[in-house]
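Trainee: fold the following, please.
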Amino acid sequence: MEKDSRRKFLGQIGWGGLVLVGCGGNDDSSSAAGGTDAGTGTGADASTDAGTGTDAGVGATGDAALDTPLPLATNPAWIQNQPLDTWFSIPGTELAGSPGAPADDPTNVYSSSNGRLSYSGMGLRGNEIVLAADGGHGDYSGNEVTSIDLSADAPVWQLRSAASPSPTENVAYYSDGRPSSRHTYWSTIWSPDKNRMMLHYSRFVYGSGISFKASNGFNLDTNTWDPAGTWSDGYSAGCADSDGNVYAMGVNYFELWKWTGATDTWAMVTQYPDAINVNPVCFDPKRSFLFALAWGDGQGDGTGLSAFTIAGTVKTAITFTPSAALTQFEADMPAYSAMEYDPKNDKYFFYEGAAAAPDRVYVITPNDTAVWDMAILTLGPGSIAPPAAKGAGIYNRFKYVAALNGFVVLSAGTSELSFLRTA
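Mentor: As a prediction, this is how the structure comes out:
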C-alpha cells in the first residue's frame, strides 16, 4: 500500500513546475511517432521455450564475456577504511549546486537535478557515472550531460555538455540538432566498441510523451552528441553483455531484440509465446545468459513473480527456495528497480530504493538448477540508508563499479551519492 501511495503522490507533484505523470511502458506502443516498443502487460509466464529467433542469441557471439578480466582495484580516499556491506555516502557528491548543476539549490526537492531523474537511469564508463538527456515528457526539457569520476579522492560532478537553449516539444531533436530529453529508463548504456554513451530509443521525449525510434550517442572524449541519423533506429534497451551488445526485453511484449555494437545493427533474437516485457534484467558473464527478475513486469503492471534466464534463445523459468526474503519481496511488489551482477561474489544484487526501506538489498544466489536462493543483505553496524529514490524509481542508477568492489547509487540529485562495498 505504501508503494502505491508513493506512485500516486509522484504522479501529482511537479519537478520545477512541470508535472511528473505516470509513464508505464505501454505508452510506447501507442505512440504515433515512434513505432512499437516494449509495453506493459501481465508479466512473464517464464516458461521454457527455444523460440524461433533470427539472431545468434544471447552469449552466442564473441563469448569473451566468459573470460573478461576485472579491472584493477582503485582506492580513492572516500572509500578507504569503509566496512563491507555497509551503506555510506560519498562526501560532496550532490549534483545540485555542483559544477554540473550550479544553479540548482540542494535543499529544493523540486530542483532540476531531481526533475531530470524522472523515469530515468544513468550510464557507467569504468569508474565514471553519466547522466545524459534524462527527464523528458512533462518533467524536464534539458538535454545536458553531466558526469562524476568516482576514482577521484574527492569526486565532483562536471558539466560535459550544456542543455540546448531552445527546447521544442514533441521532437526527436531540438533546433540545434542535439537529441531531445527523454525518459531513459534502463537504456543509457556505455558502448566500449563505439566509444560512446548510447541512448537506445527516444522514449517519451519532452512534451506530451511521444516516442521516436532514434538512438543517440555521446562522445565523452569530445563532449559532443553525434548528428541525427548516426546510429540505427533502436529499441528501449535493458542491459548489455560483456562484448558491448545490447538487449531489449519484450519488444511487442513477446520479442527479445539484440543490438550488435560492432555493426550497429538490431535483430530479433527470438519470439516467445508468453510475454517477456520484464525489467530489470542483467547479463551474467560467468554463465553467459540474461537474468530477469521482477514483480509482474517490473513497471507496476501484472502480478506474481517473474524470473527467468535466457541463454542463446532458450528461456528457463527460475523459482526460489521459500524464505523470509522471498516473502518480503512479494510483499514489496518492487517496481522500476535495478539489478546488477557482482562477479566477486557471484551473486545478483537487486535494489528498489523505495521509501519504506531505502537500504534494502536483495541478494540472489544462482546455481546449476532452476531453483535458486534469495536473501536480504545483512547490513553492518553504522550503515546509513540512502535517501528514497526520486524520479518515480531507481532504474539503473544502482551500478556495480568493478574497480571499487561495490555499488554506487544515485537516489536523488539533491543528495550525496551512496555506496555499498561488497568485496
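
Trainee: shouldn't Trp190 be within a strand?
Mentor: Yes. The assignment for Trp190 is a strand, going by DSSP: H, G, I helix; E, B strand; the rest coil.

Trainee: for the residue nearest to it when sequence neighbours are not counted, list each beta-bridge partner.
Mentor: With sequence-adjacent residues excluded and distances taken as Cβ to Cβ, 6 or more residues apart in numbering, Trp190 is closest to Arg125, at 4.6 Å. The C-beta positions use only the backbone N, C-alpha and C, and glycine is treated the same way. Following DSSP bridges, Arg125 is listed with bridge partners Glu128.

Trainee: tell me how far Arg125 lies from Tyr341.
Mentor: Separation of Arg125 from Tyr341 (Cβ to Cβ, to the nearest Å): 18 Å.

Trainee: again, but for Asn108
Mentor: Distance from Asn108 to Tyr341, by Cβ to Cβ: 36 Å.

Trainee: how about Pro71?
Mentor: Relative to Tyr341, and taking Cβ to Cβ, Pro71 is found at 15 Å.

Trainee: more crowded one of those two?
Mentor: Tyr341 (20 against 12; other Cβ atoms under 10 Å).

Trainee: direction included, what does the one helix or strand that one maps to pair up with?
Mentor: Using DSSP states H and E, Tyr341 maps to strand 338-342. Strand pairing for strand 338-342, determined by DSSP bridges: strand 347-351 (antiparallel).

Trainee: and the strands in the stretch 51-200 of the chain?
Mentor: 87-89, 123-125, 128-132, 145-149, 158-161, 188-191, 196-199 (DSSP state E, counting those that start in this stretch).

Trainee: most packed of the ones you listed?
Mentor: Compared across those, strand 196-199 shows the largest average neighbour count, a mean of 26 (mean count of other Cβ atoms under 10 Å).

Trainee: got the contact list for that one?
Mentor: Strand 196-199 is contacted by residues 123, 125, 130, 132-133, 145, 179, 182, 184, 187-191, 215-220, 226, 231, 237, 246 when judged by Cβ atoms under 8 Å, 6 or more residues apart in numbering.

Trainee: got a list of what Thr309 touches?
Mentor: Contacts of Thr309 by Cβ under 8 Å, 6+ apart are Asp284, Arg287, Phe289, Leu290, Phe291, Ala292, Lys315, Thr316, Ile318.

Trainee: and what of Ile79?
Mentor: Ile79 touches Leu404, Gly406, Phe419, Arg421, counting by Cβ under 8 Å, 6+ apart.

Trainee: per-residue confidence at it?
Mentor: For Ile79, the pLDDT comes out at 97.

Trainee: got it, and Asp55?
Mentor: The predicted local confidence for Asp55 is 74.

Trainee: just checking, it touches Gln271?
Mentor: No. Using Cβ atoms under 8 Å, Asp55 is not in contact with Gln271; the gap is 11.2 Å.

Trainee: what is the burial count for Ala103?
Mentor: 9.

Trainee: pLDDT weak spots in the protein?
Mentor: Where the chain drops to pLDDT under 70, the residues are 1-54, 60-70.

Trainee: could you redo the last one with a cut-off of 90?
Mentor: 1-57, 59-74, 391 (pLDDT under 90).

Trainee: helices of that one, start to end?
Mentor: Taking DSSP state H as the criterion, the chain carries its helices at 2-10, 112-115, 324-332.

Trainee: packing partners of the last one?
Mentor: Where contact means 3 or more Cβ pairs under 8 Å, 6 or more residues apart in numbering; DSSP states H and E, helix 324-332 is packed against strand 289-295, strand 361-365, strand 371-376.

Trainee: identify the residues contacting that helix?
Mentor: 3, 295, 305, 320, 352, 354, 356-357, 360, 362-363, 374-376.

Trainee: most neighbours out of those residues, which is it?
Mentor: Counting by other Cβ under 10 Å, top hit in the contacts of helix 324-332: Glu352 with 29 neighbours.

Trainee: how close does that one get to Ala133?
Mentor: With distances taken as Cβ to Cβ, Glu352 is found 24 Å from Ala133.

Trainee: same question, Phe283
Mentor: For Phe283, the distance to Ala133 - Cβ to Cβ - is 24 Å.

Trainee: who has more neighbours, these two?
Mentor: Ranked by neighbour count (other Cβ under 10 Å), Phe283 and Ala133 place Ala133 first, with 30 against 24.

Trainee: number of residues surrounding the spatially closest residue to the more buried one that is not a sequence neighbour?
Mentor: The shortest distance from Ala133 to any non-neighbouring residue, by Cβ to Cβ, 6+ apart, is to Asn143 (4.1 Å). Using other Cβ under 10 Å, Asn143 has 30 neighbouring residues.

Trainee: Asn143 contacts Pro165, doesn't it?
Mentor: No. Here Asn143 lies out of contact with Pro165, judged by Cβ under 8 Å, at a distance of 10.7 Å.

Trainee: give me the common contacts of these two.
Mentor: In contact with both Asn143 and Pro165: no residue, using Cβ under 8 Å, 6+ apart.

Trainee: Ser175: neighbour count?
Mentor: Ser175: 11 surrounding residues under other Cβ under 10 Å.
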